[in-house]
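>>> Mind looking at a prediction? Sequence and model below.
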Protein chains: 2
Amino acid sequence: MYSFTEENYLKAIYKLQEQSSESINTNAIAIVIQTKAASVTDMIKKLSEKKLLNYEKYKGVVLTELGKKVAIETVRKHRLWETFLHNKLNFTWDAVHDIAEQLEHIQSQELIDKLDDFLGFPSHDPHGDPIPGKNGEMKESNFVVLSDLREGELGIISGVVNHSSLFLKHLESNELILGKRILVQVIVAFDNSFQVKIEGKKILQLSNEVARNILVKKMK
Amino acid sequence: MYSFTEENYLKAIYKLQEQSSESINTNAIAIVIQTKAASVTDMIKKLSEKKLLNYEKYKGVVLTELGKKVAIETVRKHRLWETFLHNKLNFTWDAVHDIAEQLEHIQSQELIDKLDDFLGFPSHDPHGDPIPGKNGEMKESNFVVLSDLREGELGIISGVVNHSSLFLKHLESNELILGKRILVQVIVAFDNSFQVKIEGKKILQLSNEVARNILVKKMK
DNA sequence: TAAACTTTTTAGATTAGTCTAAAAATATTT
DNA sequence: AAATATTTTTAGACTAATCTAAAAAGTTTA
Ligand SMILES: [Mn+2]
Ligand SMILES: [Mn+2]
Ligand SMILES: [Mn+2]
Ligand SMILES: [Mn+2]
């Protein structure tokens, strides 16, 4: 139906829209897609003709309902494949994204529905991101960043903000894995770094930078 | 490494080579790939420059060792994905091929090795075709076509010659499924049709055309 | 508000893969 | 061995997606 490239543009624009609320400009898309602004302009025109987005020269783009639907379907496929790779094939969570970037473009509605079933209709992918349902419905997460917790507060690690392989590997090597309980013991006033305790055992010192990129479910 | 299209050409040429032993001509490739001879000539030149096949103008092509290796890897990926779709996602054996045509082009050695492991290192795909191993080694099947059996002989259904969806659906609806025992009761002299008994129960009348397209492992 | 800077668009090229139509080579018939 | 038919290759064009360089529009600064 839609090409590999079209799906990637729609997904990129969708993710930019999630953050900014304003219409998305050419350069922002170019940076995400890793291409030149001139190429983005060309593709935007094409997507506009196909009614996937609304475009006004020099004013950026906004996805139409159709464009949003296609983008969400692609995100759904991406996250289901990541879950498959992690849960069934034992890929580490830093390795799944690149392969899912390819798999997300396989065309078959039946495939993705059966995969969803096979995985037990998971609600979140290996990075804690919500998986859209068959009809595009997205469960909203009530996660907060670890850096929002105060001393003495407890959370369960539930996701990440930064998805880079470097960061994910760092977390894994420190047992900072999805599902683990994390207790904030001390917040150092000087640099806002966090001293935390994981599942009653290990004590770790986390920079504020790290704390800002870990999502937790806050516990009472 | 190699494009979607290049892999499809190599696979097509490989399959033609398996049958004919002579060098493969342009038209034959065009028919398999469903394209025009002129397009095949263009692609052949490209593959020749990349040392994937040897090409002499007007004399057809022969795969190099490298070309054969890439083709076999693609066949391996195709059949492993078909096995996954059938065994894990419960696709019927007539539905797996088209989706595997897409999946076979996903680039990741680690993915295919882990998939192989996850599936328990299967030796054959859902149509009874052998799955090449990690190093390209192909176990040779000692299957014969059902039409080679004589009256009173027993076989186990092990594969198909014709892979069309129409034929596969026909077999399935008659319980002619991989692994079932099949006994040749009568061969009708008039039209060489076969009266067979499946697993001690059902008696079926199969045209010679059908019998020629079922592979069986012959039992004593 | 005009100059300077930034962003976006256009113009023109490139690459991969495909096509049609015509030319060239090979194969088959007479 | 010609004539005819078939196959293969070439020539030139097209589409999707990309690029560079230059023009145009928009924004900021003085
Ligand atoms: Mn991802
Ligand atoms: Mn993608
Ligand atoms: Mn197949
Ligand atoms: Mn294929």
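The structure has been received and is ready for your questions. Ligands and ions are numbered 1, 2, ... in the order given.
>>> What is the burial count for A:A95?
21 (other CB atoms under 10 Å in any protein chain shown). From N, CA and C alone the C-beta is placed, and that goes for glycine too.
>>> residue contacts, it?
A:L85, A:S165, B:E110 (CB atoms under 8 Å, 6 or more residues apart in numbering or on different chains).
>>> How about A:F194?
Counting by CB under 8 Å, 6+ apart, A:F194 makes contact with A:L146, A:S147, A:V184, A:V186, A:I187, A:V188, A:Q205, A:L206, A:S207, A:N208, A:V210, A:A211.
>>> Skipping its backbone neighbours, what lies nearest the second one in space?
Leaving out its chain neighbours, the residue that sits closest to A:S147 by CB to CB, 6 or more residues apart in numbering or on different chains is A:A211, at 3.9 Å.
>>> That neighbour contacts A:V144, doesn't it?
No. Shown here, A:A211 and A:V144 do not form a contact pair, counting by CB atoms under 8 Å, at 11.1 Å.
>>> How many neighbouring residues does the residue nearest to A:S147 have?
By other CB under 10 Å, the residues close to A:A211 number 21.
>>> who wins for neighbours among the contacts of A:A95?
A:L85 (27 neighbours).
>>> measure that residue to B:L154 for me?
43 Å (CB to CB, to the nearest Å).
>>> Close to DNA strand D: what parts of chain A are there?
A:3-6, A:33, A:35-36, A:38-39, A:42-43, A:46, A:57-58 (CB under 7 Å from any atom of the strand).
>>> Identify, from these, the entry nearest to B:T74.
Checking the residues of chain A next to DNA strand D against B:T74 by CB to CB gives A:F4 as the nearest, at 18.6 Å.
>>> In contact with the residue most central in space within chain A, which residues?
Taking CA atoms, centre = their mean, the centroid of chain A lies closest to A:D129, which sits 5.2 Å from it. For A:D129, the contact set (CB under 8 Å, 6+ apart) comprises A:R79, A:G159.
>>> Now do the SS call for A:I157.
State at A:I157, reduced to three classes by DSSP: H, G, I helix; E, B strand; the rest coil: strand.
>>> so it makes contact with A:L183?
No. The criterion here is CB under 8 Å, and A:I157 misses it with A:L183 at 11.5 Å.
>>> Who has more neighbours out of the two?
Set side by side, A:I157 and A:L183 show more neighbours around A:I157, with 23 against 18, by other CB under 10 Å.
>>> Find me whatever residue is spatially closest to the more buried one, sequence neighbours aside.
A:K180 is the one closest to A:I157 (CB to CB, 6+ apart), at 5.0 Å.
>>> which helices and strands sit right next to the helix or strand that contains A:I182?
Here A:I182 sits within strand A:181-187, counting by DSSP states H and E. In terms of contacts (3 or more CB pairs under 8 Å, 6 or more residues apart in numbering or on different chains; DSSP states H and E), strand A:181-187 is packed against strand A:154-160, strand A:194-198, strand A:214-219.
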